[in-house]
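# A predicted structure for the sequence below; I have some questions about it.
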Amino acid sequence: MTHVVSFINLKGGVAKTTTLVQLAETLAFIKGKRVLVLDLDPQTNATIALMGETRWEAADEAGQTVAQLFLDQIHDTHIFDVTRAIVRGVSNLNRITIPQGMELGPEVTYPRIDLLPSSIRLIEAQDRMADISTRSHYTVSPMTVIHRALEQRFSAYDYVLIDCPPNLGYITQNGLEVSDFYLVPTIPDKLSTYGIPQIVKTISGLQRARNLKIRCMGVLVTKYQTISGIHKRGLEDLPALLERAFEGSGQAPAPLFEVRMPQANATAEAMDFDRSPTNFRDKYGRGKSGSFSNLYELPMLLADEFIHRLDESGDQGEAEDQSAVIPAS
C-alpha cells in the first residue's frame, strides 16, 4: 500500500526539507522501502540535497522538472515527460554497498529513492496557475495537475513524500490533493507555529469542499534546543495551540511526535550532496544529542514512529469502515 504524505509549514527555515530528506533516506536505506520524493518547493533544496546541482541543472535545462509539468498546462506545450523526469537512484548514499541480509522485497531494485525534481521556475508557474482553467476551457482544474499526471505512478512506491512550498497556493494544493496525510515540522517558537491554525483551517476547508481523504498526521518539533527557555515554553504551549487550531475542523487535534529533532551542525552538513559519507551513521552524525549517544539514531526513531503512525491510521480506518456497515436484519 502506498502512503502519500505532504510536509508543510508556512514559515521557512524550520527544517521541513531537511526532515523530509532524512526520513526518505532512512525509509529507503535502513528500512528497505521504495520512496519517491516529489519536490514542489521552488527553493529546490530537497532536489539539490538528493541529486546535486550538476544533475539538477541538466534536468532543468531539458524541461524535465515538476515546474515544466505546470508550465505545459499553462502554455499548452508538451515538453514534460514523466518517465524522463523521475530521476532514479538519487542520494549520495547510493554510493554505499547495501548490507547483506537486508530484506528488500521482490519488487525492490537497487535505486530505492526516486525524485521528481523542482525548479525555481515554479514561481513563474505559481503566478499563472489560474490560466490553466481558462486555457483548457475549464476541463482542467489548477489544483489537479499532479493528480492527473502522476497519481498512477505512486503505486510503484511504499512512500511518496511531498515537499510543499511555504504557502497555501495552487502548487501546495496540488500536493494536498493527492496526499493521505500532511505533517507539520516546526521549531517550537511563536514565529514558526504562528501559521499552524491557518494550515489546519485551509486544509479542512479543502477537505470538505473537494471531498479529500487527507488528514493531519502530526506536528514534529525540529531544531529543538534543550537549553532554550523559549523552546521549552513553546513545547509546553503546543498542545493548547493545536487544540484551538483544530477546534471546529471536524478532526481531532494533531498529536505531537514523540521524537524531537535537535538543532545540530551534522544534520545541516548531511544535506550536502557532494560529501562522500562512508555509511548512514557517518552521514547523520555520531555526536551526542541530549540523551542519545549518536545523532544518527534520531532519523531511525523518526522513521519508526512515522511508520507506526501510518500503520495505526490504517487500522483505525478499517475499524471505522467496519463500524459503518449496518448488519442485515
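Looks like it came in fine. Residues are numbered from 1 along each chain as shown.
# Where does pLDDT dip in this protein?
Within the chain, the ranges that satisfy pLDDT under 70 run 95-111, 289-293, 315-329.
# which residues in it form helices?
Taking DSSP state H to define them, one finds helices in the chain at 16-29, 45-61, 66-75, 82-85, 122-128, 131-135, 145-150, 170-177, 190-193, 196-210, 229-246, 265-269, 280-284, 297-323.
# Mind putting the ones you listed into a markdown table with distance to residue 116 and mean neighbour count?
All C-beta atoms are positioned from the backbone trio N, CA, C, and that covers glycine. What follows is those, written out as a markdown table (distance: least, C-beta to C-beta, whole Å; neighbours: other C-beta atoms under 10 Å):
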| stretch | distance to residue 116 | mean neighbour count |
| --- | --- | --- |
| helix 16-29 | 12 | 25 |
| helix 45-61 | 9 | 19 |
| helix 66-75 | 5 | 23 |
| helix 82-85 | 6 | 13 |
| helix 122-128 | 12 | 18 |
| helix 131-135 | 19 | 15 |
| helix 145-150 | 7 | 19 |
| helix 170-177 | 11 | 25 |
| helix 190-193 | 27 | 18 |
| helix 196-210 | 22 | 17 |
| helix 229-246 | 30 | 15 |
| helix 265-269 | 24 | 15 |
| helix 280-284 | 23 | 19 |
| helix 297-323 | 21 | 15 |
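# Figure out which of those is closest to residue 112.
The closest of these to residue 112 is helix 16-29. By C-beta to C-beta, the value is 4.2 Å.
# and the closest one with helix 45-61, angle?
Orientation of helix 16-29 against helix 45-61 (axes from the mean of the first three to the mean of the last three C-alpha atoms, to 10 degrees) gives an angle of 90 degrees.
# elements contacting helix 16-29?
Judged by 3 or more C-beta pairs under 8 Å, 6 or more residues apart in numbering; DSSP states H and E, helix 16-29 is in contact with strand 3-7, strand 35-39, helix 45-61, strand 113-116, strand 159-163, helix 265-269, helix 280-284, helix 297-323.
# Residue 244: what's its closest spatial neighbour, skipping adjacent residues?
Once flanking residues are discounted, residue 244 sits nearest to residue 197: 6.8 Å by C-beta to C-beta, 6 or more residues apart in numbering.
# Quick one: residues contacting that neighbour.
By C-beta atoms under 8 Å, 6 or more residues apart in numbering, the residues touching residue 197 are 241, 244-245.
# of those, closest to residue 285?
Checking these one by one against residue 285 (C-beta to C-beta), the nearest turns out to be residue 241, at 30.4 Å.
# do you know how far the closest one is from residue 20?
Look at residue 241 and residue 20: by C-beta to C-beta, to the nearest Å, they are 23 Å apart.
# do residue 134 as well
Remark: distance between residue 134 and residue 20 (C-beta to C-beta) = 34 Å.
# Ok, residue 298 next?
15 Å.
# Next: residue 34.
For residue 34, the distance to residue 20 - C-beta to C-beta - is 16 Å.
# What of residue 74?
Taking C-beta to C-beta, one finds residue 74 at 27 Å from residue 20.
# got it, and residue 260?
From residue 260 across to residue 20, the span is 17 Å (C-beta to C-beta).
# hang on, the earlier thing: among the helices of the chain, single out whichever gets nearest to residue 256.
helix 229-246 (6.1 Å).
# And the contacts of that closest one?
Contacts of helix 229-246 (C-beta under 8 Å, 6+ apart): 187-190, 193, 196-197, 200-201, 216, 219, 221, 224-226, 252-254, 256, 260.
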